[in-house]
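Novice: got a predicted model here, sequence first, then my questions.
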Amino acid sequence: MSELLVIGISHKTAPVAMRERLALTEREAERFVRELVGREVVREAVAISTCNRTEVYLVVSDAVEAEAELLGKLATRAGIRPTELVDVVYSPRNCDAARHLFRVTAGLESMIVGESEVQGQVRRAYEAGLAAGTTGPFTNRLFRAALQTGKRVRTETALGTARVSTSSIAVDVARSAVGELEDRNVIVIGAGETAELTARALAEQGVTTLFIANRHKERAHSLASRFGGRVGSLDQLPDAMREADIVVASTSSPHPIVGADELRVVMEERGGRPLVLIDIAVPRDIEHECAEVPGVTLLDMDDLQASAARNLGVREGERDRAETIVEDEIDRFSAWMGQQGSTSTISALREHGTAIVEQVLAENEGRWDSASPRDIARVEAMARAVMQRLLHEPTIRMKALEQGGGHGRLAVLRELFGLDEVPQEAAGSSAAAADHDGSGAEVRPLRRRS
């Protein structure tokens, strides 16, 4: 019987120093989920990795074994012992795991509640899983439902109307550090989505920006033409920093771009003029030791999180409406899962009963020498009728569990009859016929949170 499991780390549980050690680039995420699905215990996998979180959603046959394997892989990646992750990771299952993804997509788990960037990040993670071939009936349904939830929250509530994002908070922090930005010299390192949002927020302050990008130069030129500014390469960065007031770094580089040694040289040539560095990348683009260079103010995602908590509030009415939408969509998803769980259990139970009848008939085949073929047919028919009548009432009651709330009873029934030991081919063939979208996955129904 399959279960949904998520193992994650976020800005709510760990500082940026830990988050960057577990961050995954798009290519790394694809390789990571493929390796996971290559293991017997994992059937489907999707990984989400942003500046504020790294989460892996799994459909597994054994949640305990899968969690231990995944924690081991994450610990190896971070270069630490698995026990060191215990205090910073979360691992909800089934209903709670689905609810968590719905809340993430709706922006309710974001550093800036209601921000819209996360919707696109979840969509791209799901599309990457599709391209890698690591999704399946369960995760397909799960992520489509999550994206629908995010869309409803943004269209039916006012959470997303302020267009607040990590980038806009970064610009607010920069303005607090140096005053009005209109005449300031600003460098944005990177040309991705975060850089675009940063450029838009800076343009609204009247700033002309220098975009630094070694890769995606065409995109950098597009940003410069839309928001005003120039384009340069990383080779030009030291010279550009000699004149800059603010540097905002937002690349997806696995290694730091601005080092402390190089920065000391730059600061010596600036004649004592202060420099504000804002690092909104995970892994970080700017070495942490840069904060020790005289005249430098370095702010990272942890600092932005503190600023967001101090300066931003969400009206409780809007949050409550968003929570209601999440629970409404969870109910829909729970009903679907209930159907999958009861359908597969009914199928497995009937296959189990049929196998017992066949076994008993085979064991007694040589004992009926005096019986006619007609008598033997009657005995076989009677045995099958007994099995059918015995399973009739349990079948009716299991179908009633499709409305939800039967997770525990289905699990007990499967354990009592040893149904999880039934070959998957036997249980899957009948379940697939009853599943109109081909999602006859054996899954545990969700329970509504009390």
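Specialist: Everything's here; your move. Residues are numbered from 1 along each chain as shown.

Novice: with adjacent residues omitted, what lies nearest to residue 254?
Specialist: Take residue 254 and drop its neighbours on the chain: the residue closest to it by CB to CB, 6 or more residues apart in numbering is residue 283, 6.0 Å away. Every residue, glycine included, has its C-beta placed from N, CA and C.

Novice: quick one, phi/psi of residue 246?
Specialist: Its backbone dihedrals place residue 246 at phi -140, psi 140, with angles given as degrees, to the nearest 10.

Novice: I'd guessed residue 93 sits against residue 5; true?
Specialist: Yes - here residue 93 reaches residue 5: they are 5.2 Å apart, a contact under CB atoms under 8 Å.

Novice: looking at those two, which is more packed in?
Specialist: When residue 93 and residue 5 are compared on other CB atoms under 10 Å, the one with more neighbours turns out to be residue 5, at 23 against 16.

Novice: ok, the more buried one to residue 351 distance?
Specialist: Computed with CB to CB, to the nearest Å, the distance linking residue 5 and residue 351 is 26 Å.

Novice: same check on residue 56?
Specialist: Using CB to CB, residue 56 is found at 33 Å from residue 351.

Novice: now do residue 6
Specialist: Computed with CB to CB, the distance linking residue 6 and residue 351 is 31 Å.

Novice: neighbour count: these two, which is higher?
Specialist: residue 6 (24 against 19).

Novice: identify the residues contacting the more buried one.
Specialist: Contacts for residue 6 (CB atoms under 8 Å, 6 or more residues apart in numbering) come out as 55, 56, 57, 58, 90, 91, 92, 93, 97, 100, 101.

Novice: closest one of these to residue 225?
Specialist: Lowest distance from residue 225 to the contacts of residue 6 (CB to CB) belongs to residue 55, with 35.8 Å.

Novice: that closest one: neighbour count?
Specialist: Counted by other CB under 10 Å, the residues lying close to residue 55 total 24.

Novice: spit out the contact partners of it.
Specialist: The neighbours of residue 55, taking CB under 8 Å, 6+ apart as the test, are 6, 7, 8, 9, 10, 47, 48, 49, 101, 104.

Novice: center of this structure - which residue?
Specialist: The centre of the chain sits closest to residue 48, judged by CA atoms, centre = their mean, with a distance of 4.1 Å.

Novice: quick one: low-confidence ranges for the stretch 151-300 of the chain?
Specialist: Applying pLDDT under 70 to the stretch 151-300 of the chain flags residues 160-164.

Novice: apply 90 and report the result again.
Specialist: Counting by pLDDT under 90, the stretch 151-300 of the chain shows low-confidence ranges at 154, 157-186, 190-230, 232-236, 243, 250-255, 270-273, 280-283, 299-300.

Novice: Three-state assignment for the closest residue to residue 226 other than its chain neighbours, please.
Specialist: Leaving aside its sequence neighbours, residue 226 sits nearest to residue 199 (CB to CB, 6+ apart; 7.7 Å). When the structure is split into helix, strand and coil by DSSP: H, G, I helix; E, B strand; the rest coil, residue 199 lands in helix.

Novice: so what's residue 199 up against?
Specialist: If you count contacts by CB under 8 Å, 6+ apart, residue 199 has them with 188, 209, 211, 223, 226, 227, 229.

Novice: so among those, which ones count as buried?
Specialist: Neighbour counting with 16 or more other CB atoms under 10 Å marks 188, 209, 211, 223, 227, 229 as buried within the contacts of residue 199.
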